[in-house]
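Colleague: Model the following, please.
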Amino acid sequence: MTVSRVLRAAHTIEPASTTEQYLDHALVLPEGVGTLRVELDFDKVTDRFQLYAAALDPDGFLRGHVQCPGDPGPRRLAFEVGEGRASPGCHAGPLPPGEWTIRIDLDRFTQGGRYELRVFVDEAAAAPPPVGATRTAPHHTTKPSDGPPTWLRGELHAHSLHSDGSADLPTLLDAARAAGLDFLAVSDHYTSSHWAELDRLEDTGAAEGLVLLRSIELTSHFGHANLHGLSRWPGTYVDADGWDFADAARDVHAQNGLVGVNHPFSGRQAWRRDDHSWHDIDLLEIDNFGQGANNDAALGLWDRLLTAGHRITGVAGTDCHHPEKPEHRLGQVTTVVRATRTRDGILGALRSGVAYVSRGAALRLSAHTGAGECGMGGAVPLDDAPLHLDVRLDTPCPAVLFVLRDGLLWHMEPVDTEGPARLRVTDRRPRPGTYYRAELHTASDDPYFWASCNRSHASALAVSNPVWTGTVSSARAQDAAGGATSPSG
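Modeller: Purely as a prediction, here's the structure:
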């Protein structure tokens with residue numbers, strides 16, 4: 001076997017070039033290449049000079065990538081891909097001849113620095129087939145549900161060794177089961193390489209008890225987005241000409257998948273994209289376990305979007321990279337959906353908004369009028385009768401219920417007992433096109449609590465998705481202000 005270096009590039013990136021997003025090097029592979037190895041050396045300066053490496057085949061499909069988690073200092077990133085072998089984050093398979101792209105992703109780039117890129121190839125043991133790994137993978141189906149829809153707890157944001165997580169997939173699945181989860185989205189950055197391994201784990205029974213979603217975290221330089229329910233890699237590099245975020249979102253929706261914005265106020269990872277409409281977005285991460293007060297800003301953004309008429313489902317994510325660490329432990333914040341125990345059922349519930357976010361409490365909201373009723377994500381028709389909001393909750397401690405109407409705090413009342421409870425809140429003058437949502441927070445001993453209506457990420461126990469009002473079935477005027485009453489029921 002002959003190993004040869006086919007590319008070496010050593011350059012200093014000047015600070016004046018910090019508007020660039022990717023540095024692409026073309027590499028023409030002949031027939032008969034068995035393995036491709038990419039090495040990238042540079043000095044990492046956290047959040048200032050931070051590079052990734054990737055290889056895309058002649059069809060533009062991501063065959064392999066490597067990120068650079070860890071401490072600053074001299075770093076060597078390396079990955080191998082070929083027939084019968086692949087580093088984590090890479091797709092094994094024949095290497096098709098033609099022009100490949102070796103990409104340096106300028107992930108965090110606010111200062112200049114030097115890098116050296118090297119690419120090595122070796123000969124194939126036998127002549128490979130004429131095509132490489134496919135963009136499309138067979139869609140693994142979950143077993144048919146054994147019963148009607150039920151409430152399922154899950155994690156929508158977790159990473160493995162296939163990107164910048166520390167755990168392999170069996171370890172991550174064990175952690176999800178230990179947390180009592182029903183479904184798990186492994187949303188590794190950029191790549192779809194983890195899907196095949198998840199399918200094998202399902203086939204061997206190692207995923208028993210979990211519904212696994214096919215997900216990727218699109219990791220752009222202007223914000224991160226989780227893509228769920230995929231059947232093929234959608235093109236996750238959206239920071240260069242020719243393919244933007246709206247293009248990727250259309251591809252995801254063509255696969256009947258979901259697009260969700262992650263941690264929208266997370267510093268340099270905050271959502272700063274302007275190449276899409278909010279109609280492209282299905283989900284918004286309103287609670288990311290590590291984001292602290294940024295979650296309060298995320299809730300405010302969500303209310304602004306809902307008030308503007310966007311039907312975007314609020315979800316949660318642990319953003320787990322190290323399941324053994326307390327701050328990354330699964331199950332501390334979850335998205336709870338009412339669905340059949342299948343991929344399609346869970347994706348459908350997320351799409352429809354039949355979901356709530358939980359930090360240990362249950363919170364379910366429904367609306368009733370004389371003309372009909374609906375649950376979270378639905379719209380209730382109006383008539384001349386009042387609108388009743390039924391709130392079903394289960395709290396581990398004394399709490400306070402807050403109800404918001406069109407983004408404004410509208411009603412609050414204490415929940416003095418632990419365990420399950422049912423409350424009813426009535427709007428005697430409901431208006432069409434209005435939404436209501438509920439929050440449950442830990443009760444405070446602060447004597448100014450009721451005056452300040454204090455609530456924040458630090459006290460949150462659960463957040464519901466909205467219910468909406470629909471059309472009016474009578475001719476009565478709808479411009480009167482509404483009042484709230486709260487008999488328990």
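Colleague: all contacts plus neighbour counts: C-alpha atoms, from now on.
Modeller: OK.
Colleague: Now the top helix by length along the chain: average pLDDT?
Modeller: For the chain, the helix that runs over the most residues, judged by DSSP state H, is helix 294-307. For helix 294-307, the mean per-residue pLDDT is 97.
Colleague: Contacts made by the helix or strand just after that helix with the rest, please.
Modeller: Using DSSP states H and E, the helix or strand that follows helix 294-307 towards the C-terminus is strand 313-317. Contacts with strand 313-317, where a contact means CA atoms under 8 Å, 6 or more residues apart in numbering, come from 155-158, 282-289, 302, 333-335, 350-353, 355-357, 377, 465.
Colleague: repeat that for 6 Å
Modeller: Outside strand 313-317, the residues within contact range by CA atoms under 6 Å, 6 or more residues apart in numbering are 156-157, 283-288, 334-335, 353, 357.
Colleague: any residues touching stretch 93-103, and which ones?
Modeller: With CA under 6 Å, 6+ apart as the test, stretch 93-103 has contacts from 23-31, 53-58, 82-83, 128, 131-133.
Colleague: Out of the contacts of strand 313-317, who's the most crowded?
Modeller: Among these, the one with the most neighbours (other CA atoms under 10 Å) is Asp287, at 31 neighbours.
Colleague: A helix includes that one, no?
Modeller: No - when classified by DSSP: H, G, I helix; E, B strand; the rest coil, Asp287 is found to be strand rather than part of a helix.
Colleague: could you give the mean pLDDT of stretch 444-452?
Modeller: This predicted structure assigns stretch 444-452 an average pLDDT of 63.
Colleague: Over to stretch 324-343?
Modeller: Per-residue pLDDT values over stretch 324-343 give a mean of 97.
Colleague: Then stretch 271-285?
Modeller: For stretch 271-285, the mean per-residue pLDDT is 97.
Colleague: tell me what the helix or strand containing Arg214 is packed against?
Modeller: Secondary structure from DSSP H and E places Arg214 in strand 211-220. For strand 211-220, the helices and strands in contact under the criterion 3 or more CA pairs under 6 Å, 6 or more residues apart in numbering; DSSP states H and E are strand 183-186, strand 223-228.
Colleague: and if we set it to 10 Å?
Modeller: Packing contacts for strand 211-220, counted by 3 or more CA pairs under 10 Å, 6 or more residues apart in numbering; DSSP states H and E, involve strand 98-109, strand 150-158, strand 183-186, helix 194-203, strand 223-228, helix 245-254, strand 258-261, helix 343-352.
Colleague: Output these as JSON lines; include the columns distance to Arg437.
Modeller: Rendered in JSON lines, the data for the helices and strands packed on strand 211-220 read as follows (distance: least, CA to CA, whole Å):
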{"stretch": "strand 98-109", "distance to Arg437": "37"}
{"stretch": "strand 150-158", "distance to Arg437": "18"}
{"stretch": "strand 183-186", "distance to Arg437": "24"}
{"stretch": "helix 194-203", "distance to Arg437": "35"}
{"stretch": "strand 223-228", "distance to Arg437": "24"}
{"stretch": "helix 245-254", "distance to Arg437": "27"}
{"stretch": "strand 258-261", "distance to Arg437": "20"}
{"stretch": "helix 343-352", "distance to Arg437": "15"}
